[in-house]
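Asker: Everything below, folded, please.
(one chain, ligands or ions: 1)
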Amino acid sequence: MTVERKLGKATQAIHAGERGTSVTEKSGMPLLPPIYQNSTFRFTTAAECAEAFRDEESGYVYTRWGNPTQEVLENKLAVLEAGEAALATASGMGAVSTALLTALTDGGHVVAMANLYSATFQILNEDLRRFGIETTFVDATDLSHIERAIRMDTKVLYLESPTNPLLKLIDLRGAAEIAKTHGLISMIDNTFATPCGQQPINLGIDVVIHSMTKYLSGTGAVIAGAIVADKAFVTHAKKGALRNFGAVISPFNAWLTLHGITTLPLRFARHCENAVRVAGFLETHPAVAWVRYPGLQSHPQHELAQQQMEAFGGMITLELKGGRTAGEHLVDHLERCALAVSLGDVRTLICHPASTTHSHVPAEIRQQIGITDGLVRISVGLEDIEDILADLKQALETCAS
Ligand code: LCS
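Answerer: Presented below is the predicted three-dimensional model:
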């Protein structure tokens, strides 16, 4: 008798979605999923071709409609996020826009977390507004704010947790319940947490979004994104907004990303381990005003982090006592840590959100939500911890407190 046993995440990350496909007539299948770097597929008869157009499950026709390399990646990600199905996209923003275009109709309304990645904020605050879709931004760390913002025409609840860059957390189980009660589609951008940090679908959220540019691909080699949801939503997105608006992932980027994911659990554990050490070091440094990291007891929502997260991630936000000038000194004097936007890379990356990632959010809104001019964001990498700490220490010495 075979015993049914749920596989661990490391096993899932390596094996899920990877059924060997023979690419030749000889025996022996490639151990790594091969890359199908082709735009179109050929058929031997008109009837066979017409059948593939009629029933897409029966064949591949064109890579904007589907491709075996994309599908291996999608199947792997669906398993890791505990979703029914997944859809890979050309970028994280391709995933955000495809998910919103799938869920919304004209004149609808969105309730969204006030602190979001800036391009997501812009889609909701500017692009969709041009089409008559309004968004109310709320501090969703307090669930009553969500409840109060819901209108008769609200269709989507859009969240990030932990948020970029403030690392605020939202009670996902509570938010998902509110969405269900009001018939809304709940969405969360899970880029910062990854499925190793939290699995929002298991907490009741309908749609999970990723920028796979970050932890999932892991090495900073690709731009890629994904949506994970139930089969009906993914099929609707695949046959509609993704295919027609065209934010389709290239087979090569899908292939790089699926190999990246095989080491995600190992990498993420090390990101977390290093981040705890960096956060602890920064918290006691005299030049630092405050540090935000969900794994620190000083994080205002540390208890919620312990309840809903399996691991706290590799992202840290801090404010230096010397404000923006001190922040500039810090990044100018780093030797090992790189001054770069993006995150989730094997390398430690540092950036200044107010002048980079969130510079397109109007200054008064940045102030309102707490993205101050002195705020610095660190994506802790996989280098030896003593080397990261030594670099930060020598650079911090140049910051007048
Ligand atoms: N969602 C989150 C939470 C992000 O941080 C980003 C990019 C995206 C979506 C968009 O993903 P992309 O289209 O770039 O794959 N965040 C960036 C950041 O903080 N620095 O550079 C990019």
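
Asker: W290 looks like it's in a strand, true?
Answerer: Yes. Assessed with DSSP: H, G, I helix; E, B strand; the rest coil, W290 lies in a strand.

Asker: That one touches L320, doesn't it?
Answerer: No. With contacts counted by Cβ atoms under 8 Å, W290 stays clear of L320, the gap being 9.5 Å. C-beta: built from backbone N, CA, C; applies to glycine.

Asker: Quick check on those two: which one has the bigger neighbour count.
Answerer: Neighbours were counted for W290 and for L320 using other Cβ atoms under 10 Å; L320 has more, 25 against 13.

Asker: Pull the contacting residues for the more buried one.
Answerer: Shown in contact with L320 (Cβ atoms under 8 Å, 6 or more residues apart in numbering): 287-289, 326-327, 330, 374, 376, 399, 401.

Asker: from those, which is closest to V208?
Answerer: Using Cβ to Cβ, V376 is the member of the contacts of L320 that lies nearest V208, at 28.3 Å.

Asker: How about the closest one, nearest residue that isn't a chain neighbour?
Answerer: Nearest residue to V376, sequence neighbours excluded (Cβ to Cβ, 6 or more residues apart in numbering): G327, at 4.9 Å.

Asker: how about the helices in the stretch 51-200 of the chain?
Answerer: 68-80, 92-103, 118-122, 143-149, 172-181, 194-197 (DSSP state H, counting those that start in this stretch).

Asker: nearest to the ligand, of those?
Answerer: Closest to the ligand of the helices of the stretch 51-200 of the chain is helix 92-103 (Cβ to the nearest ligand atom; 2.2 Å).

Asker: Put the alpha carbons of that closest one into PDB.
Answerer: These are the backbone C-alpha positions of helix 92-103, laid out as PDB (Å, rounded to 0.1, in the frame of the first residue of the first chain):
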ATOM      1  CA  GLY A  92       5.600  41.300 -12.200                       C
ATOM      2  CA  MET A  93       3.700  44.200 -13.700                       C
ATOM      3  CA  GLY A  94       2.400  42.000 -16.400                       C
ATOM      4  CA  ALA A  95       1.000  39.800 -13.700                       C
ATOM      5  CA  VAL A  96      -0.500  42.800 -11.800                       C
ATOM      6  CA  SER A  97      -2.100  44.200 -14.900                       C
ATOM      7  CA  THR A  98      -3.400  40.900 -16.200                       C
ATOM      8  CA  ALA A  99      -4.900  40.000 -12.900                       C
ATOM      9  CA  LEU A 100      -6.700  43.400 -12.600                       C
ATOM     10  CA  LEU A 101      -7.900  43.300 -16.200                       C
ATOM     11  CA  THR A 102      -9.300  39.900 -15.600                       C
ATOM     12  CA  ALA A 103     -11.200  40.800 -12.500                       C
END
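
Asker: Would you mark the buried spots in it?
Answerer: 92-103 (16 or more other Cβ atoms under 10 Å).

Asker: Columns neighbour count and secondary structure on top of the contacts of L320, output as CSV?
Answerer: Formatted as CSV, the contacts of L320 follow (neighbours: other Cβ atoms under 10 Å; DSSP: H, G, I helix; E, B strand; the rest coil):
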residue, neighbour count, secondary structure
A287, 19, coil
V288, 21, strand
A289, 15, strand
A326, 21, helix
G327, 24, helix
L330, 26, helix
G374, 18, coil
V376, 23, strand
C399, 21, coil
S401, 12, coil
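
Asker: tell me the two of the residues you listed that are most distant?
Answerer: V376 and S401 (14.4 Å).

Asker: out of the buried residues of helix 92-103, who's nearest E160?
Answerer: Nearest to E160 among the buried residues of helix 92-103, with distances taken as Cβ to Cβ, is V96, at 10.2 Å.

Asker: Could you find the closest non-adjacent residue to that closest one?
Answerer: Leaving aside its sequence neighbours, V96 sits nearest to T120 (Cβ to Cβ, 6+ apart; 5.2 Å).

Asker: if I pick that neighbour, what's in contact with it?
Answerer: 93, 96, 158, 160, 189.

Asker: now the residues you listed in a markdown table, with distance to H360?
Answerer: Putting the contacts of T120 into a markdown table (distance: Cβ to Cβ, whole Å) gives the following:
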| residue | distance to H360 |
| --- | --- |
| M93 | 13 |
| V96 | 15 |
| Y158 | 18 |
| E160 | 16 |
| D189 | 17 |
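
Asker: which one of the residues you listed sits closest to R54?
Answerer: Nearest to R54 among the contacts of T120 is V96, at 31.5 Å by Cβ to Cβ.

Asker: wait, isn't that closest one in contact with I123?
Answerer: Yes. Using Cβ under 8 Å, V96 makes contact with I123 at a distance of 6.4 Å.

Asker: tell me which element T219 is part of?
Answerer: In this structure, T219 sits in neither a helix nor a strand according to DSSP states H and E.

Asker: Could you check how far it is from A247?
Answerer: T219 sits 22 Å away from A247, taking Cβ to Cβ, to the nearest Å as the criterion.

Asker: do the same with N202
Answerer: On the measure of Cβ to Cβ, N202 and A247 end up 27 Å apart.

Asker: Among these two, which residue is more densely surrounded?
Answerer: Under the criterion of other Cβ under 10 Å, the comparison of N202 against A247 puts A247 first, with 21 against 14.

Asker: which residues does the more buried one contact?
Answerer: 89-91, 93-95, 97-98, 225.

Asker: cool, and G108?
Answerer: 133, 153-156.

Asker: Please list the residues of the stretch 151-300 of the chain that sit near the ligand.
Answerer: 160, 164, 189, 191, 211, 213, 223, 225 (Cβ under 6 Å from any ligand atom).

Asker: could you redo the last one with a cut-off of 8 Å?
Answerer: Residues of the stretch 151-300 of the chain lying close to the ligand (Cβ under 8 Å from any ligand atom) are 160, 163-165, 189, 191-192, 209-214, 223-225.
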